[in-house]
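K.L.:
got a predicted structure here, sequence first:
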Amino acid sequence: AAINVKTGAAIRTWRPEVSGGGAVVRSLAVKNGRVYIGGNFTAVEGKQRKNLAAVGANTAETNLLPFDPQVGGDTSYVYALETDGSKLYAGGGFSKVNGQGHRNLAAFSLKTGALVSKWKPATGEASDCTSPKCSPKVRALELGPGGNSIFVGGPFSKITGSNGKSSRRQSVARVYTDTGNVHPWRIPEGRIASPQTAWDLTAAGGRLYGGFGAKRNFVAAFHIDKGNSGKQIWRFRTFGNVQSVALAPDGSRLFFGGHFGLNRKNQEVCKGSKLLRGLASVRSATGRLNCDFIPSLDQRRRPNYEGAWTLTTTSSYLWVGGGFIGVSDSKNPQPTGNGVTEVPQTNLARFTL
């Protein structure tokens, strides 16, 4: 869907139909007047498309574009999309693209739409990772400084470069955008305990920020300005997954969202005056919670594992998408329990910065 950002009204002329048994859209990327769509589906606008497609971004009409890669294998998804000046990068849970072996990562030419067949890093599982939560899927992609590398997030525990060389990397890895080989930068081994999923990543100002959740749940910051050492700078623990992160335009605070506080456990913060409920922010330099912004994403019932699945910021606003039926006042203390819905708001909300 497309929405007028000034009024919140739906733009009814732009409505590409994505279909297939249980069809779902998991990721979007906009570049050069095109909207790239990733997920699990078999058709767009009634024409065959396998989990990845592109339509025109002109809101006056929906134009399905010729871009038609076949992203598949067993039950296959495209969870993450990222673009630079020349390529579209796709990450997810798949084993083949256009019949070629590509395990969870692939790249396409933005100019021609062709698969970059030589760019084929692959995520996998370490031999000592036996938990059912161990998985090689890719959940997040984020371009590194200068666009020479791309960060990869997920529940994987190793990654193999295009050159066939494998390295242990728990949940976060970095690969070169030109070759697809593994970058030597790494978070020190043992800092992220397995099993763990990196759900979302964002990079700026010499730091990589990530939202994590599986066995333990947290938002954290790591150095990307200290050579090849991804030493942790800070970590803020939550009672539930952190599934989305976004920096304020000035870089002063990091917004983070997820289903923390919406499941079985309450998390009291700000000297017990407030409860975390799916959305908050910390000071990006220190990881200290900002008590001036702790809205509650209200649910019909608990436990609930939705909350804020995606965040993005503009010069004036924070946009929040996910699963909720209302947003409680972020300025006033919240009562013990589920909180009170102050503003009915379904699944999409906007806050002024």
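P.N.:
Done, it's in.
K.L.:
how about the residue positioned nearest the centre of the chain, what does it touch?
P.N.:
The structure's the chain has its C-alpha centroid closest to Asp200; by CA atoms, centre = their mean the separation is 3.7 Å. Counting by CB atoms under 8 Å, 6 or more residues apart in numbering, Asp200 makes contact with Arg139, Ala140, Gly153, Gly210, Gly211, Val242, Gln243, Ser244, Val245. For the C-beta atoms, the positions are set from N, CA and C on the backbone; glycine is no exception.
K.L.:
that one and Tyr79, how far apart?
P.N.:
Remark: distance between Asp200 and Tyr79 (CB to CB, to the nearest Å) = 11 Å.
K.L.:
anything in contact with each of the two?
P.N.:
Contact criterion CB under 8 Å, 6+ apart; residues shared by Asp200 and Tyr79: Arg139, Ala140.
K.L.:
wasn't Phe236 part of a strand?
P.N.:
Yes - checked against DSSP: H, G, I helix; E, B strand; the rest coil, Phe236 lies within a strand.
K.L.:
list the contacts for it?
P.N.:
Phe218, Val219, Ala220, Val282, Gly287, Leu289.
K.L.:
quick check: pLDDT value at the third one.
P.N.:
Ala220 carries a pLDDT score of 98 in this model.
K.L.:
so it makes contact with Gly230?
P.N.:
No - counting by CB atoms under 8 Å, Ala220 stays clear of Gly230, with 10.4 Å between them.
K.L.:
neighbour count for those two, which is higher?
P.N.:
Per other CB atoms under 10 Å, whichever of Ala220 and Gly230 has more neighbours is Ala220, with 25 against 22.
K.L.:
which stretches of the stretch 1-150 of the chain aren't confidently modelled?
P.N.:
For the stretch 1-150 of the chain, applying pLDDT under 70 flags the ranges 128-133.
K.L.:
again, 80 this time
P.N.:
Within the stretch 1-150 of the chain, the segments meeting pLDDT under 80 span 59-62, 73-75, 126-134.
K.L.:
what do you get for the stretch 151-300 of the chain?
P.N.:
Residues of the stretch 151-300 of the chain that meet the cut-off, pLDDT under 80, sit at 215.
K.L.:
now the strands for it?
P.N.:
158-160, 166-168, 172-176, 198-204, 207-212, 218-223, 232-237, 242-247, 253-258, 268-269, 274-275, 279-283, 296-298 (DSSP state E, counting those that start in this stretch).
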